[in-house]
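K.L.:
My questions concern the predicted model and sequence given below.
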Amino acid sequence: TIGDALFWYLVKKTSSFKMSLPFLPGNSFNAKLGREKFHKSHHFDIGNDVSLYVGQCKPGIGGDNLPSQKAGPNRSQIPRGEGNQAPAWVAFDRQVLNFDAFFQEAVHEKAEEKFRIRTCKIYFYLEDDTIQVIEPSIENSGVPQGTLIRRHRVPLPEPRDDKYYTVEDFNIGNEITLYSKTFKITGCDQFTRNFLRKLGFRVPEPEVSPGDPYCSHRKNLTESMQPLRPYEKHDTLKQFLEHDRHVLRFYCWWDDTTNMFGDSREMVLHYFLADDTIEIREVIPPNSGRDSVPLFLRRGKLPKEITSLAQPGTVTDRTVLNVFGPTGHGGRYILDSLKTGALHYDFYTDSDLTIGTHMNVWGRKILLTDCDEFTKEYYRTKYGITNFTPIQLKRDMLSGINRQWPPYNGFGSEEDSLQNCISLIPKPPRRDFIKFMEKDRHGLESNILRFVASIDTDNTINADRRFIVSYYLSDETIAVFEPPLRNTGVMGGKFMERTRMKKPDQSYFSTQLSEYYTGRDLYVGAKLQFNRFNFKLLDADEYAFRYMEKHEGEFDHANMCKIKPKLKSLAAGRVNEVRDFFLRNDPDGTGFVQYEQFRNLLHQVANSGMSEHEIMTVGRYFAEQLDNASMNLSILIAASQEQLRRSNFEDFNKLLESFMHHDINRTGTVDRVHGHGVCRAFKLPLPEDLLRALIDRMEVDSNGQFSYEQFVSIINWRDNPVSTAQYTAAPMRVDGTWMGEPQADRIMKVNYKALLQELFDIAQ
């Protein structure tokens, strides 16, 4: 009925609002009727073993405020979007409302101004309703500016100081009071305008802030002090930024022989592109009798013509045309815009400096003879100059007296005795420490070249003796050792101490340093003289051959790039004879001949034009390769699995994924080069020669590609184990007990077809 509905309506109203009826029977209702929440807030707690009341702002039972309890601080009421359940500190992170405002400040006891208008920025942070006020700095204002109010929640003015400012209090045209200062909001940015419109506020158009009278007065005063015609600006900043530390260097020469006691002098001219200044330094040779001065010409602009010193006030940036009015205070003048009577000086620039130019350096004629690479590139790029031929001067003009060393006195080494002539306090000669560290023995690299030698003599007894000549790359010393042989009557052992060996036919007491044997002088077939003993090098060990072929730039007799043209020129007219020789010695057409036959042929063709070492280098270059061909695939697989098992390698699935990553077309195959690169990039723990031999033995299709799934499967020692096999990579051997006997891995056969194809383009 209507009465029941009215009753329940009053019950609900009394459950949420305080009734002003007297508390008498029949005039009040039960507050618990219709209530659904009866929770109780936590009002007491214990801190530092003391019971404390912590519920000043917490509501009572059901969420109602207790008697005499004030409401909690208010927050901005911003409607939530659909499906947005994020808290305010997440949803409004880094979102700030920006308002333009000003406030008026009274100024006492000052005639120029009565008040000031100070503009500022008000920032309202949406995430926590905090406010920050910042005043932009103005030059020479004399007022502390910057942050006026640090970021925090600002309370409303009294008597509502229990509440705080929210977003509803900010809009264009509103006046807000922040700690007794009234700010008038005049504008906002576009983000703030859009945000307030989304909240349902009507945002007016921006207002114009009133001007500060004193600032206007100062501006007018400053403008009145400006000249009628501004000073001319010479913008040199761009030139400085583009060419800072860019210096042109010219080598020049000053011929002063026409004057009494004058001579020729060598100098260096520096032209600084940053400010077009010039500096000249003199190159003073030692013992020239001249004082070592730091500069010949101090850095500055160099005029082309010498003029007399101008009177004070003549050279100015501005020219006064006329002065009228009283002299002193109140007088006026007119500036000359045409600069009548102004003095102009012509200075040297970069366009005036070229090789062969004579410069006038304060009355001294200096000739530019050459320049450095940076200067050449600069003129080539900017001016298109390509001719930089230096000017060759007479040697007696620039060259000093050559220093003559006294002859060797016989005490100590020549380098040690020379130190007595260089300085009063002798110092030991410096060794090439970097070369010593690089070429010293480390690991299997001995850096010692050993040769078999014999004494070049007519004595049959000494001619049969064999020696080991060891050349140490670290310090270029040579040691000679004679292997002991039974029943020869020779003791054997150390024949010559390790030292640097001088070349023959040199004066003992000479003013020049002696020449010593180096690595270029040692090769098979060379004739050397050590302490009046004539030796002939007959052979070398495998390490020496490999080292010299690896560093062919240091050894001419092992450099195939020089041997090929030499051999081609020697056999140019005897190509048919060479081909017939190979056909006679290879009737089956295998393409290989014995090395001794190949050596005899080159001796006949070269006619002493090639050394024995060069012939051996050619034979080694075209030798028959038997390493990979003689190895069985099953042995390779077993050796690979054994190596991977010892390395505890089990990432076969990742290795397969790495192959699939490089297989863009998903064909399941890769070529041998990419397959080897994938294994190296994956750091597969297999020796280099074993990995190459295994990849070369994989079956390939018509495109030269193999199946990487099959490759991963055959090396998988977990899923597809095979019988273990012992395998060790064959490094470059260094036999410390080698006595000159022939080694097992000598050249047996030479591929003459490859030789004819590469040198003479003969395919058949």
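P.N.:
Okay, I see it.

K.L.:
Could I get the average pLDDT for stretch 269-287?
P.N.:
Averaged across stretch 269-287, the pLDDT comes to 92.

K.L.:
Where does pLDDT dip in the stretch 301-450 of the chain?
P.N.:
Applying pLDDT under 70 to the stretch 301-450 of the chain flags the ranges 321-333, 337, 394-402, 443-444.

K.L.:
redo that, cut-off 80
P.N.:
The model of the stretch 301-450 of the chain has pLDDT under 80 over residues 312-344, 393-404, 442-445.

K.L.:
residue boundaries of the helices in it?
P.N.:
Along the stretch 301-450 of the chain, the stretches classed as helices by DSSP state H, counting those that start in this stretch are 373-382, 395-398, 414-422, 433-439.

K.L.:
Could you dump those into TSV with distance to Asp588 and mean neighbour count added?
P.N.:
All C-beta atoms are positioned from the backbone trio N, CA, C, and that covers glycine. Shown next, in TSV, are those (distance: least, CB to CB, whole Å; neighbours: other CB atoms under 10 Å):
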stretch	distance to Asp588	mean neighbour count
helix 373-382	61	14
helix 395-398	68	10
helix 414-422	61	14
helix 433-439	47	12
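
K.L.:
So which of those is nearest Gln643?
P.N.:
helix 433-439 (31.1 Å; CB to CB).

K.L.:
How far does the closest one sit from its chain's centre?
P.N.:
Distance, stretch centre to chain centre, for helix 433-439: 27 Å (CA atoms, centre = their mean, to the nearest Å).

K.L.:
okay if I get the helices of the stretch 301-450 of the chain as a markdown table plus distance to Glu612?
P.N.:
Converted to a markdown table, the helices of the stretch 301-450 of the chain look like this (distance: least, CB to CB, whole Å):
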| stretch | distance to Glu612 |
| --- | --- |
| helix 373-382 | 45 |
| helix 395-398 | 45 |
| helix 414-422 | 33 |
| helix 433-439 | 26 |
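
K.L.:
of all these, which lies closest to Arg318?
P.N.:
The minimum distance between Arg318 and these falls on helix 373-382, with 33.6 Å, by CB to CB.

K.L.:
so what secondary structure elements neighbour the closest one?
P.N.:
Counting contacts by 3 or more CB pairs under 8 Å, 6 or more residues apart in numbering; DSSP states H and E, helix 373-382 is packed against strand 247-255.

K.L.:
Now do the contacts for Gln681.
P.N.:
Slight slip there: residue 681 is Ala, not Gln. Ser658 (CB atoms under 8 Å, 6 or more residues apart in numbering).

K.L.:
Next one: it relative to Gln643, how far apart?
P.N.:
Using CB to CB, to the nearest Å, Ala681 is found at 18 Å from Gln643.

K.L.:
Likewise for His234?
P.N.:
75 Å.

K.L.:
Of those two, which one has the most company?
P.N.:
Between His234 and Gln643, counted using other CB atoms under 10 Å, Gln643 has the larger neighbour count: 21 against 7.

K.L.:
I'd say the more buried one and Asp689 touch.
P.N.:
No: using CB atoms under 8 Å, Gln643 is not in contact with Asp689, being 11.7 Å away.

K.L.:
Could you list the single helix or strand in the protein with the lowest mean pLDDT?
P.N.:
helix 395-398 (a mean of 48; mean pLDDT, DSSP states H and E).

K.L.:
Show residues contacting the helix or strand harbouring Arg218.
P.N.:
For Arg218, the element it lies in under DSSP states H and E is helix 213-225. The contact list for helix 213-225 (CB under 8 Å, 6+ apart) reads 112-113, 115-116, 138.

K.L.:
Quick check, central residue of the protein?
P.N.:
Centroid-nearest residue in the chain, with CA atoms, centre = their mean: Arg245, separated by 20.3 Å.

K.L.:
That one - nearest residue in space that isn't next to it in sequence?
P.N.:
Excluding its sequence neighbours, the residue lying closest to Arg245 (CB to CB, 6 or more residues apart in numbering) is Ala274, at 7.5 Å.

K.L.:
which regions of the stretch 151-300 of the chain lie under the pLDDT threshold?
P.N.:
For the stretch 151-300 of the chain, the stretches flagged by pLDDT under 80 are 218, 221-235, 286-289.

K.L.:
So which residues of the stretch 551-700 of the chain form strands?
P.N.:
592-594, 669-671 (DSSP state E, counting those that start in this stretch).

K.L.:
which of the contacts of helix 213-225 has the most neighbours?
P.N.:
Arg116 (18 neighbours).

K.L.:
Name the SS class of it, please.
P.N.:
strand (DSSP: H, G, I helix; E, B strand; the rest coil).

K.L.:
which residues does it contact?
P.N.:
Applying CB under 8 Å, 6+ apart to Arg116 gives the contacts 104-105, 107, 143, 212, 214.

K.L.:
Next: Leu473.
P.N.:
Applying CB under 8 Å, 6+ apart to Leu473 gives the contacts 439, 447-449, 519.

K.L.:
cool, and Gly519?
P.N.:
Neighbouring residues of Gly519 by CB under 8 Å, 6+ apart: 449, 471, 473, 476, 554-555.

K.L.:
Can you say which two of the residues you listed are spatially most distant?
P.N.:
Using CB to CB, the contacts of Gly519 span at most 13.8 Å, a distance reached by Glu476 and Phe555.

K.L.:
Out of the two, name the residue with the larger neighbour count.
P.N.:
Higher neighbour count among Glu476 and Phe555: Phe555, with 20 against 16, using other CB under 10 Å.

K.L.:
list the contacts for that one?
P.N.:
The contact partners of Phe555, by CB under 8 Å, 6+ apart, come to 519-520, 523, 548.

K.L.:
pretty sure Leu684 contacts Leu655?
P.N.:
Yes: Leu684 lies in contact with Leu655 (CB under 8 Å); the separation is 7.0 Å.

K.L.:
remind me which residues of the stretch 651-764 of the chain are low pLDDT?
P.N.:
Applying pLDDT under 80 to the stretch 651-764 of the chain flags the ranges 688-689, 723-748, 752, 758-764.

K.L.:
again, only this time at 90
P.N.:
Confidence mapping of the stretch 651-764 of the chain against pLDDT under 90 gives the ranges 651, 653-654, 657-658, 660-668, 670-705, 712, 717-764.

K.L.:
quick one on the thing from earlier: of the contacts of Arg116 - the most surrounded one?
P.N.:
Asp212 (21 neighbours).

K.L.:
who's in contact with it?
P.N.:
Applying CB under 8 Å, 6+ apart, the residues near Asp212 are 116-118.

K.L.:
Which one of those is nearest to Gln239?
P.N.:
Arg118 (42.2 Å).

K.L.:
Just give me the neighbour total for the closest one.
P.N.:
21.

K.L.:
pLDDT score assigned to it?
P.N.:
Confidence at Arg118, expressed as pLDDT, is 89.

K.L.:
So, low pLDDT: which residues of the stretch 501-650 of the chain?
P.N.:
Checking the stretch 501-650 of the chain against pLDDT under 90 turns up 505-514, 519, 531-532, 541-544, 546, 549-554, 556-612, 614-650.

K.L.:
tell me the secondary structure for the closest residue to Asn174 other than its chain neighbours?
P.N.:
Leaving aside its sequence neighbours, Asn174 sits nearest to Ile185 (CB to CB, 6+ apart; 5.3 Å). Counting by three-state DSSP, the backbone at Ile185 sits in strand.

K.L.:
Can you name the residues that contact Ile185?
P.N.:
Applying CB under 8 Å, 6+ apart, we find Ile185 in contact with 99-101, 122, 170-176.

K.L.:
change it to 7 Å
P.N.:
Neighbouring residues of Ile185 by CB atoms under 7 Å, 6 or more residues apart in numbering: 99, 101, 170-174.

K.L.:
go on, Ala342?
P.N.:
Neighbours of Ala342 in contact, by CB under 7 Å, 6+ apart: Thr319.

K.L.:
Next, it: phi, psi?
P.N.:
With angles defined as degrees, to the nearest 10, Ala342 sits at phi -70, psi 140.

K.L.:
Kindly provide the distance from it to Leu302.
P.N.:
21 Å.

K.L.:
before we move on, what about Leu148?
P.N.:
Separation of Leu148 from Leu302 (CB to CB): 57 Å.
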